[in-house]
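Novice: sequence first, then the predicted structure, then my questions.
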Amino acid sequence: MTTETENIDPTPTDAQAPAEPPAGPTVESLQAEVADLKDKLLRAFAEAENIRRRSEREREDTAKYAVTKFARDLTSVADNLRRAIEAVPAEARTGDEAVANLLAGVEMTERELLSAFEKASITRIAPALGEKADPNKHEVLFEIPGTGQPGGAIIQVVQTGYQIHDRLLRAAKVGVAKAEAPVAPVDQTA
C-alpha cells in the first residue's frame with residue numbers, strides 16, 4: 001500500500017519551479033535616482049537660502065524706511081518753519097523783543113526737527129544755483145529763457161527736497177534756464 005506522501009515526486013516541474021527573484025533596480029537606475037534626488041535637494045537648499053536672504057533684506061528695508069510716510073508728512077512742517085523764519089523782516093528782529101523771542105523759539109523748533117531728521121537719516125536736498133538739474137532729485141517746474149545760463153541750470157529753488165537714506169522722499173522743485181536755440185549762421189554771400 002502506498003501512502004499519499006510516497007506518490008509525490010520530489011523534483012518540481014516547470015510550473016512548480018521556484019520563480020527567479022524579480023528583476024530589481026539596476027545600478028544605473030539607482031545612480032540616476034540618487035543624482036535626481038541630490039539635484040532636488042541642492043535646489044531646495046538654494047531656494048531656502050534665497051528666501052532667507054530676501055527676508056533679511058526686506059526686514060532691513062522695513063527698519064530703514066518704516067518712517068517714510070511720517071517723514072514725508074513732516075517735510076511740510078520743516079518748510080513752514082523755514083518760511084516763518086524768513087518772513088520776519090530784519091527790523092522786526094532787532095526792534096521788537098517779543099518778535100525776537102518768538103523767532104528764537106521757531107528757530108529752535110526747526111533745529112530740533114532737523115536734528116530728528118538727521119537721526120532718521122533724512123537729509124535735505126537744497127540744490128545750488130547754477131547746478132545742473134538732476135531728474136532723480138529735482139522736479140523742474142518751469143524754464144526761463146534768456147538767463148545767460150546753460151540750458152538745464154537751476155536758477156531758482158522753489159522748494160527744497162528730502163531723501164531718506166538713498167530713497168527720495170520729495171524732489172526739490174526748481175526753475176531752470178531754458179536752452180537757447182542755436183542761431184543759424186546768416187548767409188551773407190547772397
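Specialist: Everything's here; your move.
Novice: tell me where this structure has helices.
Specialist: 27-65, 68-87, 90-95, 97-119 (DSSP state H).
Novice: could you export those to CSV, including columns for mean neighbour count, distance to residue 144 and mean pLDDT?
Specialist: C-beta coordinates here come from the backbone N, C-alpha and C atoms, glycine included. Shown next, in CSV, are the helices of the chain (neighbours: other C-beta atoms under 10 Å; distance: least, C-beta to C-beta, whole Å; pLDDT from 0 to 100):
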stretch, mean neighbour count, distance to residue 144, mean pLDDT
helix 27-65, 10, 36, 92
helix 68-87, 14, 22, 92
helix 90-95, 10, 28, 84
helix 97-119, 13, 30, 93
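Novice: which residues does the spatially most central residue of the chain contact?
Specialist: Closest to where the C-alpha atoms of the chain average out (C-alpha atoms, centre = their mean) is residue 167, at 6.5 Å. Counting by C-beta atoms under 8 Å, 6 or more residues apart in numbering, residue 167 touches 65, 68.
Novice: can we see that at 6 Å?
Specialist: Residues near residue 167 by C-beta atoms under 6 Å, 6 or more residues apart in numbering: none.
Novice: any idea how far it lies from residue 117?
Specialist: As judged by C-beta to C-beta, to the nearest Å, residue 167 and residue 117 stand 14 Å apart.
Novice: same check, this time on residue 156
Specialist: Remark: distance between residue 156 and residue 117 (C-beta to C-beta) = 24 Å.
Novice: same deal with residue 61?
Specialist: On the measure of C-beta to C-beta, residue 61 and residue 117 end up 19 Å apart.
Novice: same thing with residue 143?
Specialist: Distance from residue 143 to residue 117, by C-beta to C-beta: 31 Å.
Novice: what's the local residue count around residue 96?
Specialist: Other residues within reach of residue 96, judged by other C-beta atoms under 10 Å, total 13.
Novice: same check, this time on residue 137
Specialist: Count around residue 137 with other C-beta under 10 Å applied: 15.
Novice: so it sits against residue 125, correct?
Specialist: Yes: the pair residue 137 and residue 125 passes the contact test of C-beta atoms under 6 Å, sitting 5.4 Å apart.
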